[in-house]
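Novice: Okay, here's the prediction I keep looking at, along with the sequence it came from:
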Amino acid sequence: MSPEFTSLLMDIAGNTPFIAFLLYNWWDSRKLAEKNQEKMEQMNQNYIEGLEKIRRESRQEEERLRERYQVVIQDLGKDRENLLASFSQNISDLENKLESLSKAIRKIFGQLEDLKKVKVQVEEIKLKEQIKKELQNG
């Protein structure tokens, strides 16, 4: 064996524990990195599933609220229609009552005119009787 080769073997033999440590450290780091990568992938998967669950729940809550507000809006629409129908009926009733009242007032005025005519006739009769009495007395 040549002295150079022997020197190389000695250097390698002296550094063998360090090389072994480096190889073990590399191998252990690789295993740890794989475990960490698996953990991160699992965490990502859990995070994504959590987000999806939150989104589903949010959509369900939104749908529930939408349905509830649709019912409220429909009820308000029905109430509005009922109020309009009620107002329309009340206005119609008031118009009928006003028409009846107008007819009654016209009838009363007609009767007042008749009473005025009767009063004038009564006054004329009284005047005629008074003139007759004065003519007879006088």
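Specialist: That came in fine, so what should we check first?

Novice: any idea which helix or strand carries the most centrally placed residue in the chain?
Specialist: Centroid check for the chain by Cα atoms, centre = their mean gives Tyr69 as the closest residue, at 4.4 Å. Here Tyr69 sits within helix 3-137, counting by DSSP states H and E.

Novice: Count the residues that sit near Glu49.
Specialist: Neighbours of Glu49 under the rule other Cβ atoms under 10 Å: 10. For the C-beta atoms, the positions are set from N, CA and C on the backbone; glycine is no exception.

Novice: hang on, I meant Glu57
Specialist: Glu57: 10 neighbours (other Cβ under 10 Å).

Novice: Could you shift the numbering so residue one becomes 46, and keep it that way?
Specialist: Noted, 46 is the first residue going forward, which turns the last one into Glu102.

Novice: distance of it from Leu96?
Specialist: Per Cβ to Cβ, to the nearest Å, Glu102 is found 11 Å from Leu96.

Novice: Need the overlap of contacts for those two.
Specialist: Residues touching both Glu102 and Leu96 (Cβ atoms under 8 Å, 6 or more residues apart in numbering): none.

Novice: Centre of the chain to stretch 106-126, how far?
Specialist: Counting by Cα atoms, centre = their mean, to the nearest Å, stretch 106-126 is centred 6 Å from the centre of its parent chain.

Novice: can I get the CA coordinates of that stretch in CSV?
Specialist: Extracted in CSV, the C-alpha atoms of stretch 106-126 (Å, rounded to 0.1, in the frame of the first residue of the first chain):
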residue,chain,number,x,y,z
GLU,A,106,-77.9,30.1,8.1
GLU,A,107,-78.2,32.5,5.2
GLU,A,108,-80.9,30.2,3.6
ARG,A,109,-82.8,30.0,6.9
LEU,A,110,-82.7,33.8,7.3
ARG,A,111,-83.7,34.2,3.6
GLU,A,112,-86.7,31.9,4.1
ARG,A,113,-87.6,33.7,7.3
TYR,A,114,-87.5,37.1,5.7
GLN,A,115,-89.4,35.8,2.7
VAL,A,116,-92.2,34.7,5.0
VAL,A,117,-92.0,38.1,6.7
ILE,A,118,-92.1,39.9,3.3
GLN,A,119,-95.0,37.8,2.2
ASP,A,120,-96.9,38.5,5.5
LEU,A,121,-96.2,42.2,5.0
GLY,A,122,-97.5,42.0,1.5
LYS,A,123,-100.7,40.3,2.6
ASP,A,124,-101.1,42.8,5.4
ARG,A,125,-100.7,45.6,2.9
GLU,A,126,-103.2,44.1,0.6
